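Enquirer: Could you work out the structure for the sequence below:
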Amino acid sequence: MRITTKGRYAVRAIVQLAQQASDKPVSIRKISEAENISAEFLEQIFFKLRRGGVITSVRGPGGGFRLSRNAEDISIAEIFDAVGEGLIITPCAEGHHDSCERMSDCIVNQLWNNSYLHFRGYFEKTSLKDVLTGSFAKALTTV
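Expert: Coordinates of the predicted model:
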């Protein structure tokens, strides 16, 4: 499994947004500067995060972005899903069987499915708040 730059930047940007959270929305420029990520690339990522329901936007002077919900209610898997980061280990894992002509006689498919479910479960159980507070133990022990 490989998490792309888009997925890594999405998580970094959301963490930064949560850290800067106050009563005012945070601009892409501020997040871009804090994380040293291109503002143009962040605009593309934030468009997907907004469409995925992870963040909301406020237009106009003083506008920017906010989390759509509390940090404990946003999973890392949700962030990955919003930006199209599939977390698939192999093309034949978990629901992607159409791409494999060997499905009927593959004895290792369950290995790939279990691996996928393990990784997916970890990111589903890890909330944005867990990242902010460094409390990963809960997610690790319940996978």
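
Enquirer: tell me the SS of the nearest residue to R102 once chain neighbours are set aside?
Expert: Sequence neighbours aside, C92 is the residue nearest to R102 in space, at 7.9 Å (criterion: C-beta to C-beta, 6 or more residues apart in numbering). All C-beta atoms are positioned from the backbone trio N, CA, C, and that covers glycine. State at C92, reduced to three classes by DSSP: H, G, I helix; E, B strand; the rest coil: coil.

Enquirer: ok, C92 touching W112?
Expert: Yes - counting by C-beta atoms under 8 Å, C92 does reach W112; the two are 6.2 Å apart.

Enquirer: how about the chain, which residue sits the furthest from its center?
Expert: D105 (33.8 Å; C-alpha atoms, centre = their mean).

Enquirer: Angles on the backbone of R66, please.
Expert: phi -140, psi 160 (degrees, to the nearest 10).

Enquirer: Would you mind confirming that it is in contact with T56?
Expert: Yes - counting by C-beta under 8 Å, R66 does reach T56; the two are 5.4 Å apart.

Enquirer: the more surrounded of those two?
Expert: Set R66 next to T56 and count neighbours by other C-beta atoms under 10 Å: R66 wins out with 18 against 13.

Enquirer: list the contacts for that one?
Expert: By C-beta atoms under 8 Å, 6 or more residues apart in numbering, R66 lies in contact with L17, A21, P25, V26, I55, T56, S57, V58.

Enquirer: ok, now with 6 Å
Expert: Shown in contact with R66 (C-beta atoms under 6 Å, 6 or more residues apart in numbering): P25, T56.

Enquirer: R29 now?
Expert: R29 neighbours (C-beta under 6 Å, 6+ apart): A39.

Enquirer: tell me which element it is part of?
Expert: If you go by DSSP states H and E, R29 is part of helix 28-35.

Enquirer: Name the next helix or strand following that helix along the chain.
Expert: Immediately after helix 28-35, counting by DSSP H and E, sits helix 39-51.

Enquirer: chain center to that next one: distance?
Expert: Distance of helix 39-51 from the chain centroid (C-alpha atoms, centre = their mean, to the nearest Å) equals 12 Å.
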